[in-house]
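Novice: Sharing a model prediction with you, sequence too.
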Amino acid sequence: MKNKNINLKCSLDPKQIDDRLKYNPGTVELQLFEHDIYSPEKIINSIRLLQENKVKVFLHHPMKVNGKFLDVLSKDPEVFEFYRSSCDILNDICHSEDIYCVVHPHYEKCESGKTDTFNQELIIDRSNSLREAVQIVRRNTYDRFLWENAPRGIFSSANRYWLSHIVKPLNLPICYDISHSFMSFRGDNQKLEQDLIEAFPFTRHYHVVDSAGTDVHDALSLGFGGIDWSRLKPYLIQRDFIFEIDLPNYEDCTPMIDSRNYFELIK
């Protein structure tokens, strides 16, 4: 019998996987790194190990190549090539293993993550460009990617057009990171709830993590930030989700378990 809502995250490190399995999780999201892409058999073996333990598995696309954050619109040849080639590899794995992978169109420390200096016309233009780039990546896939919002930039709640100009026209399946949107809205719970509701029809997976709602990417345990979880829980429990909490020791997921216990007490 699985413990309710033990939904965790780790890397392919066997020590991390063993730690998560101690809690008999229902879901585990595997964070991948650049070097993992060159060992697809290791990814597959980790997936199958978890599935043998009746765990639902998600992958998470690498964040960087050669120290550079990924951006689907990057003009850097190395970033551009790695983004596409890694998506090709993970697409095949997701298809063969019947799972899904979380992919960022961009991170906040990329060109697409900078919108503060853009005027409205440029933001709309960049939104359209990102939509087209995402669709090109999707075109030759089995649609096993879930596209995650950033705290800032074109594919974030800070861009008023992220849903209307990117997600809705593509009917794009998304991974909605709660803390990222809370940061986008500078700690405004009402705006967060409104955005989450609007994105709900397209959301397949949530990252459940608290935040103070500032520019600092804090990834706090539930109850240590400013998010009003009682507003959001009715939506979260209708989808897959994990507790994506920053850990002082990645071989000990206790803060994730503490967040799960906090979540269970929310009415």
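Specialist: Sure thing, it's come through. Residues are numbered from 1 along each chain as shown.
Novice: check contacts around D188.
Specialist: Residues counted as contacts of D188 (C-beta atoms under 8 Å, 6 or more residues apart in numbering) are G213. Using the backbone N, CA and C atoms, a C-beta is placed for each residue, glycine as well.
Novice: Tell me which stretches of the stretch 151-267 of the chain form strands.
Specialist: For the stretch 151-267 of the chain, applying DSSP state E, counting those that start in this stretch gives strands covering 174-177, 203-208, 240-243.
Novice: winner for burial among these?
Specialist: Here the criterion is mean neighbour count by mean count of other C-beta atoms under 10 Å, and of the strands of the stretch 151-267 of the chain the winner is strand 174-177, at a mean of 26.
Novice: and it, which strands flank it?
Specialist: Sheet pairing for strand 174-177, assigned by DSSP bridges, gives strand 145-148 (parallel), strand 203-208 (parallel).
Novice: Just the C-alpha atoms of the first one, please, in CSV.
Specialist: By that I understand strand 145-148. Coordinates of each C-alpha in strand 145-148 appear next as CSV, following Å, rounded to 0.1, in the frame of the first residue of the first chain:
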residue,chain,number,x,y,z
PHE,A,145,7.0,16.7,-22.8
LEU,A,146,5.4,18.9,-20.1
TRP,A,147,6.6,22.5,-20.5
GLU,A,148,7.5,24.2,-17.2
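Novice: Need the contact partners of that strand.
Specialist: Outside strand 145-148, the residues that touch it by C-beta under 8 Å, 6+ apart are 58, 61, 87, 90-91, 94, 100-105, 134, 137-138, 155, 167, 172-177, 180, 204-205, 207.
Novice: Could you do the longest one as well?
Specialist: With C-beta under 8 Å, 6+ apart as the test, strand 203-208 has contacts from 7, 58, 100, 102, 146, 148, 173-180, 196, 222, 236, 239-244, 259, 263.
Novice: as a whole number, average confidence for it?
Specialist: Along strand 203-208, the predicted confidence averages to a pLDDT of 98.
Novice: In contact with T141, which residues are there?
Specialist: Contacts of T141 were listed using C-beta under 8 Å, 6+ apart, and they are C87, N91.
Novice: mind checking the SS state of it?
Specialist: Each residue gets one of three states, and T141 gets coil by DSSP: H, G, I helix; E, B strand; the rest coil.
Novice: and the closest residue to E193 other than its chain neighbours, how many neighbours?
Specialist: Counting by C-beta to C-beta, 6 or more residues apart in numbering, R231 is the residue found nearest to E193 once chain neighbours are left out, at 4.9 Å. Under the neighbour criterion other C-beta atoms under 10 Å, R231 is assigned a count of 15.
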